[in-house]
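Q: could you look at this predicted model? Sequence included:
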Amino acid sequence: MVLGTTSGAGKSWLTTALCRYYANQGLKVAPFKAQNMSNNARVVAGGEIGSAQYFQALAARAIPDVRMNPLLLKPEKDTYSQVILMGQVNDELSRMAWRGRSASVWPVVAQALDELLAENDVVVMEGAGSPAEINLKDSDIVNMRVALHAQAACLLVTDIDRGGAFAHLYGTWAMLDEAERKLIRGFVLNKFRGDASLLAPGPQMLLGLTGVPTVATLPMWWQHGLPEEDGVFDMAPTLVAARASGVALPHAPGRGAAAPVARQSRFHGPGLKDSGNRAPVTIAIVAYPRISNLDEFQPLKNVPGIHLKWVRSPAELAGLTPPDWIILPGSKHTSGDLAWLRAQGLDSAVAAHAGRGGAVLGICGGLQMLGEALIDLHGIDGNGPGLGLLPVVTVFEVDKTVQRRQTSFSSVSGVWAALSGATVQGYEIHHGQTAPHSAMAAAGDVAHAVMPDGLAWQNNAGNVLGVYLHGLFEDPAVLRALFGASAPTLDSVFEGLADYIHKHFEAGVLDALIA
């Protein structure tokens, strides 16, 4: 089991790497996270699971399964989350107080874990936050209760780049019960930059205090290729500050200036062609508070020549002078994020970009925002006017659409013309159903259906496109059609992760964890 001293310490990344490492030993491997809080979800057999567990399953060469993440919390407000139990929305649990859920869901969590343990050689489990959150310990179903249930060999990982890593490790260990401490087999220092000799005598002193060895020091690695799980991380891969000593830091993998990228043409027409020195493509993604499924944009970050920028204000958008595309991504609360968009003045900025003929792409909640109105008769999301960039209307239904899809574009115009006739794969997660605005259509402002079943719509001018299908940019055919380029495959990313931990863990540690 991988535990962390804090959120963002590197649990998901390390769990994914361990899944591929053990799968490469010829073992049958499955990931498990009892409870995940994230608006990044994937569709698997039986419903939804957190994206991190989906990727971990692929890394393990396993079929993603709702048992791998039996409880998923999807925040809609600061004090309210939609609860997904074994892949399905559970309204009763969604209404239940946080502390009251544990007794109800623990039997389901334990059964899912027991089944995976019985079916696999290795289960690599991930904790959440910190196991030393003593205010939540009595209702814990994701950290030490799971570790004790499985009698798991545990690694405790910390983000040394934040500073205070040894205190975080010792403090976390010290606040565990004696039976829990016995499960901690090693400490991991993650995101290290600098001279490793300066760590001494920290690991040795920590060993003396706890009896737990530091089994790995993992150098900072900015571009490992996995999407971030819990939020928008857009810090440039440059040196921010030298820690502690104030000395100049030597290069480590991924640290320092960004690697040179191939220069390609601006996006004007049916796709980029790889020919000569050309300007890069700039894509601005609006990062509203309840953004969802942002992991689907990771392939764009990995394609040479694409500059992906997250924007939160008109000033940030204007600073891109101008972007080639603006993307309105998915949202777990469309009406709330649309209100935020207006409060920032981004609605006018996006409209002005579209008015100049600039490309605007809306995905799922972003598609709903592009329309004329949101109509909610059941209290699902909220009513309100849309941005008016597509002549469509969205009605929220009680039943949630959750499914994987393979479908095809029909005739697409404008900058997306290269997708015409293309067969694509992706997934749907939405309550809203979108259709043309009948009065506007009668007046000649027609929403053109460019996918069957109301999955995608385009305006008359061809520069505004809305799609319900998530995951388009994970389809290599889409990247080739639009950009004449490709991103590293997920499989190559997983192999890189496995090689990385094999190189940086102390010899024999990884095998001893499952002995």
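A: Yes, it's here.
Q: which one is A485 nearest to, not counting chain neighbours?
A: V303 (5.0 Å; CB to CB, 6 or more residues apart in numbering). The way it works is simple: take the backbone N, C-alpha and C, and place the C-beta from them, glycine included.
Q: for that neighbour, which residues are in contact?
A: For V303, the contact set (CB atoms under 8 Å, 6 or more residues apart in numbering) comprises 479, 483, 485-487.
Q: ok, and the most crowded of the residues you listed?
A: F483 (24 neighbours; other CB atoms under 10 Å).
Q: so how far is G357 from that residue?
A: 20 Å (CB to CB, to the nearest Å).
Q: assign a three-state SS to P289, would you?
A: At P289 the chain is in coil, as set by DSSP: H, G, I helix; E, B strand; the rest coil.
Q: how about the contacts made by it?
A: Taking CB under 8 Å, 6+ apart as the test, what P289 contacts is 336-337, 340.
Q: one more time with 7 Å, if that's ok
A: 337, 340 (CB atoms under 7 Å, 6 or more residues apart in numbering).
Q: ok, it to L387 distance?
A: 17 Å.
Q: got the CA positions of the lowest-mean-pLDDT helix or strand in the chain in CSV?
A: Taking mean pLDDT, DSSP states H and E as the measure, the chain has helix 438-442 as its least confident helix or strand, at a mean of 82. Taking Å, rounded to 0.1, in the frame of the first residue of the first chain, the C-alpha atoms of helix 438-442 are listed here in CSV:
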residue,chain,number,x,y,z
SER,A,438,-36.2,25.2,-32.5
ALA,A,439,-37.0,28.9,-32.8
MET,A,440,-33.5,29.8,-33.8
ALA,A,441,-33.4,26.9,-36.3
ALA,A,442,-36.6,28.2,-37.9
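Q: next one: it to chain centre, how far?
A: 38 Å (CA atoms, centre = their mean, to the nearest Å).
Q: just for this structure, where's the confidence low?
A: 228-279 (pLDDT under 70).
Q: domain parsing for it?
A: 2-225+492-512, 281-487 (automatic domain parsing).
Q: Throw the contacts of V303 into CSV and include secondary structure, thanks.
A: Shown next, in CSV, are the contacts of V303 (three-state DSSP):
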residue, secondary structure
L479, helix
F483, helix
A485, coil
S486, coil
A487, coil
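Q: sorry, back to before: elements contacting the first helix or strand past the least confident helix or strand of the chain going along the chain?
A: Downstream of helix 438-442, the first helix or strand assigned by DSSP states H and E is strand 448-449. Contacts defined by 3 or more CB pairs under 7 Å, 6 or more residues apart in numbering; DSSP states H and E place strand 448-449 against strand 456-458.
Q: surely G330 and Y288 touch.
A: No. G330 lies out of contact with Y288 (CB atoms under 7 Å); the separation is 10.0 Å.
Q: who's the closest residue to H353 other than its chain neighbours bridged to?
A: Spatial nearest neighbour of H353, excluding adjacent residues (CB to CB, 6+ apart): I326 at 5.5 Å. For I326, the beta-bridge partners are A284, V360 (DSSP bridges).
Q: coming back round to it: got phi/psi on the residue nearest to A485?
A: phi -90, psi 120 (degrees, to the nearest 10).
Q: closest one to P70 out of the contacts of V303, please.
A: A487 (31.1 Å; CB to CB).
Q: in contact with that closest one: list those residues for me.
A: A487 neighbours (CB under 7 Å, 6+ apart): 299, 302-303, 479.
Q: one more pass at 10 Å, please.
A: 225, 298-304, 306, 473-474, 476, 479, 493 (CB atoms under 10 Å, 6 or more residues apart in numbering).
Q: in the top helix by length along the chain, which residues are buried?
A: Scanning the chain for the longest helix, with DSSP state H as the assignment, gives helix 101-119. Buried positions in helix 101-119, judged by neighbour count with 16 or more other CB atoms under 10 Å: 101-102, 105-106, 108-110, 112-113, 116-117.
Q: what does stretch 64-82 give?
A: 64-76, 81-82.
Q: now do the same end-to-end measure for that stretch.
A: Separation of the first and last residues of stretch 64-82 by CA to CA, to the nearest Å is 21 Å.
Q: what ranges does the stretch 301-450 of the chain have for its strands?
A: Here the stretch 301-450 of the chain has its strands, by DSSP state E, counting those that start in this stretch, at 306-311, 325-328, 330-331, 359-363, 373-376, 384-385, 392-408, 423-436, 448-449.
Q: and S38, how many neighbours does it have?
A: 26.
Q: now it: closest residue in space, sequence neighbours ignored.
A: G50 (5.0 Å).
Q: my read: that neighbour touches G87, true?
A: No. Using CB atoms under 10 Å, G50 makes no contact with G87, being 11.1 Å away.
Q: what touches both of those two?
A: Contact criterion CB under 10 Å, 6+ apart; residues shared by G50 and G87: 41, 69, 72.
Q: pick the one among those residues closest to V311.
A: Of the shared contacts of G50 and G87, the one sitting nearest to V311 (CB to CB) turns out to be A41, at 23.6 Å.
Q: list the beta-bridge partners for that closest one.
A: Here A41, judged by DSSP bridges, has bridge partners G50.
Q: residue contacts, H307?
A: 261, 279-284, 300-301, 320, 323-324 are the contacts of H307 under CB under 10 Å, 6+ apart.
Q: list buried residues within these.
A: The buried subset of the contacts of H307 (16+ other CB under 10 Å) comprises 280-284, 300-301, 320, 323-324.
Q: could you dump these to CSV with distance to L455?
A: Listed next are those as CSV, based on distance: CB to CB, whole Å:
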residue, distance to L455
P280, 30
V281, 25
T282, 27
I283, 22
A284, 24
L300, 21
K301, 25
L320, 29
P323, 25
D324, 24
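Q: which of those residues sits closest to N36?
A: Checking the buried ones among the contacts of H307 one by one against N36 (CB to CB), the nearest turns out to be K301, at 22.2 Å.
Q: tell me which helix or strand L169 sits in.
A: Applying DSSP H and E, one finds L169 within helix 165-174.
Q: how about L328, nearest residue that isn't a chain neighbour?
A: L328's closest residue in space is G366 (CB to CB, 6+ apart), at 3.0 Å.
Q: I'd guessed the one you found sits against W325; true?
A: No. Applying CB under 10 Å, one finds G366 not in contact with W325, separated by 11.9 Å.
Q: give me the more crowded residue out of these two.
A: G366 (28 against 24).
Q: tell me, how many residues neighbour the residue nearest to H353?
A: I326: 26 neighbours (other CB under 10 Å).
Q: same check on W310?
A: Using other CB under 10 Å, the number of residues around W310 comes to 18.
Q: what bridges to it?
A: Under the criterion used (DSSP bridges), W310 bridges to I285.
Q: for E316, see how far away it is.
A: W310 sits 8 Å away from E316, going by CB to CB.
Q: list residues touching both of these two?
A: Going by CB under 10 Å, 6+ apart, residues that sit against W310 and also against E316 are 284, 286-287.
Q: quick one, strands of the stretch 1-150 of the chain?
A: For the stretch 1-150 of the chain, strands defined by DSSP E, counting those that start in this stretch occupy the ranges 2-4, 29-32, 35-37, 41-44, 47-50, 71-77, 80-85, 88-89, 122-125.
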